[in-house]
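S.K.: can't give you the sequence, but here's the structure:
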């Protein structure tokens with residue numbers, strides 16, 4: 001039969017043919033769903049595995065880094081130089097320190113005296129080491145360290161027979177910051193330098209001659225005190241002169257009066273009186289000028305008499 005004459009028979013076959021694929025599609029869909037779930041689990045397991053591997057790698061790197069860091073520290077510790085004086089007796093340290101002093105190696109000497117101070121703590125040798133360390137620091141131009149060492153010595157050993165020397169050395173450390181007694185040697189006036197250091201030096205010398213007037217260091221301390229006072233007075237007069245030349249007459253009067261009041265009797269006071277008189281004249285203060293002139297004349301006559 002031709003297909004168009006098949007009638008119901010062909011239609012039923014077609015319907016049956018169409019019905020079968022529907023059932024197959026259902027089973028295929030279920031299988032596809034099961035397969036997708038399985039593949040999803042596989043992907044999750046794979047990602048979990050990869051994450052674990054990455055974590056292990058990072059932990060391993062961290063561990064290696066820590067081991068390397070520890071090895072570096074241990075290596076640094078092992079390379080720390082040992083103290084060559086560790087086995088030395090205090091007497092040997094002192095002998096070596098004195099050798100460094102004689103050689104002029106002040107830094108090395110100060111270091112050895114510092115070791116001796118700790119090694120012989122509580123003994124007269126420790127006191128000796130401390131005072132000699134201060135001198136070595138002074139000669140090494142370590143002014144701050146030297147003053148600190150002397151202050152500690154004076155606090156810890158107020159009854160030491162070396163207290164007078166400690167006060168003298170403290171004054172010497174601050175005296176004109178390593179300049180000599182006479183400024184003409186270096187052409188540099190102490191009054192141009194640190195005023196606080198000069199005053200600290202003066203106070204140390206003053207305490208020395210007050211507490212120990214018969215000390216062998218007192219005569220030199222008195223000379224230095226005179227020099228310091230003259231220099232400080234000269235500084236104030238220098239400032240007063242500066243203000244006067246600038247036309248700041250009130251400021252000039254104030255600084256000249258400060259020099260006259262704080263440092264009476266020193267040679268620089270004569271110039272301070274002259275600046276005071278000229279400043280009063282410039283300000284039109286005739287009465288104050290007239291009062292200052294007799295004082296200036298008296299001071300000048302006294303200074304000339306003392307010089308003769």
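M.R.: The structure has been received and is ready for your questions. Treat the numbers as computed from the prediction; the structure is a model and nothing was measured. Numbers count the residues shown, from 1 in each chain.
S.K.: number of residues surrounding the closest residue to residue 276 other than its chain neighbours?
M.R.: Closest residue in space to residue 276, ignoring its immediate chain neighbours: residue 256 at 4.3 Å, by Cβ to Cβ, 6 or more residues apart in numbering. Glycine gets a C-beta too; all of them are placed from N, C-alpha and C. Using other Cβ atoms under 10 Å, residue 256 is surrounded by 29 other residues.
S.K.: ok, residue 256 to residue 262 distance?
M.R.: As judged by Cβ to Cβ, to the nearest Å, residue 256 and residue 262 stand 11 Å apart.
S.K.: need the residues touching each of those two.
M.R.: In terms of Cβ atoms under 8 Å, 6 or more residues apart in numbering, residue 256 and residue 262 are both contacted by the residues residue 236.
S.K.: assign residue 158 to helix, strand or coil.
M.R.: Residue 158 falls in the coil class when you classify it by DSSP: H, G, I helix; E, B strand; the rest coil.
S.K.: neighbours of it, how many?
M.R.: Counted with other Cβ under 10 Å, residue 158 comes out at 8.
S.K.: how about low-confidence regions in the stretch 101-250 of the chain?
M.R.: Counting by pLDDT under 70, the stretch 101-250 of the chain has low-confidence residues at 177-194.
S.K.: for it, just list every one of the helices.
M.R.: With helices called from DSSP state H, counting those that start in this stretch, the stretch 101-250 of the chain shows them at 106-119, 124-139, 143-156, 163-174, 195-211, 218-245, 249-262.
S.K.: circling back: ok, now which ones touch the residue nearest to residue 276?
M.R.: Contacts of residue 256 by Cβ under 8 Å, 6+ apart are 236, 237, 240, 272, 273, 275, 276, 279.
S.K.: quick check: it vs residue 278, distance?
M.R.: According to Cβ to Cβ, residue 256 stands 9 Å off from residue 278.
S.K.: same thing with residue 162?
M.R.: For residue 162, the distance to residue 278 - Cβ to Cβ - is 51 Å.
S.K.: for residue 94, give me its contacts.
M.R.: 112, 116, 125, 128, 129.
S.K.: now do 7 Å
M.R.: 116, 125, 129 (Cβ atoms under 7 Å, 6 or more residues apart in numbering).
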